[in-house]
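what follows is a predicted structure for the sequence shown.
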Amino acid sequence: MTTLTYAGIGARATPPSVLTAMTVMAGWLARQGWRLNSGGAAGADSAFAEGAPAGQRTLYLPWSGYNGCAGPDCRVPSPSELQSCLTIAARLHPAWDRCSPGVRKLHARNAAILGVGVGRPVDAVVAWTPGGTVTGGTGMAIRIATEAGIPVLNLGSITPRALCERLLAIRRSRSSR
């Protein structure tokens, strides 16, 4: 079975019921052979990480120890990867010149989570934003994914069941290649 990778992301203020669904979906996706990329933030990132076994996830961090994350599943982009990710984020951020160095690394991490600038891009993005809008840090990841042609499935505008059916269709299409 081919291992596919998804980015599990979303707003820190994701509703509790959606966080629960994310954790359940992450476990189900792991059993289906999917690997999680996420960012170690509170909220959606943590919910996805909770459901995915450590051997089937990579947490891309903006810096070592971010949000208390540590372990073999945590990865900080190398300096050259970080530069690549910063370039991508700078191009897509509406006010890059007003971002502090730390905030820039947080936005660059979104490119890393998606595999853009650090390796093979993910096969899909599973996210939550209010009403499925492109907003906040998750909005940056959605803009990067859209530019890279990565399917974005947003729990703010699609049911968990419909989302899982779409992921199964992605798996089938990748397996038939």
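Everything's here; your move.

low-scoring stretches of this structure, by residue?
1, 177 (pLDDT under 70).

where exactly do the helices run in it?
16-31, 44-51, 79-92, 101-113, 136-148, 160-175 (DSSP state H).

look up how far Arg161 lies from Thr3.
23 Å (CB to CB, to the nearest Å). All C-beta spots, glycine's among them, are computed from the backbone N, C-alpha and C.

can you check Pro121 too?
From Pro121 to Arg161 the distance is 26 Å (CB to CB).

what do you get for Arg57?
On the measure of CB to CB, Arg57 and Arg161 end up 23 Å apart.

neighbour count winner among those two?
Between Arg57 and Arg161, Arg57 has the larger neighbour count (other CB atoms under 10 Å), namely 22 against 9.

go ahead and confirm that one touches Gly40.
No - counting by CB atoms under 8 Å, Arg57 sits too far from Gly40 to count as a contact (10.3 Å).

which residues do those two both contact?
Ala49 (CB atoms under 8 Å, 6 or more residues apart in numbering).

residue contacts, Thr3?
Gly33, Trp34, Arg35.

repeat that for Gly55.
Asp73.

what of the one 5 residues further on?
Applying CB under 8 Å, 6+ apart, we find Tyr60 in contact with Asn37, Ser38, Gly39, Gly40, Arg75, Val76, Pro77, Arg109, Ala112, Ile113, Val118.
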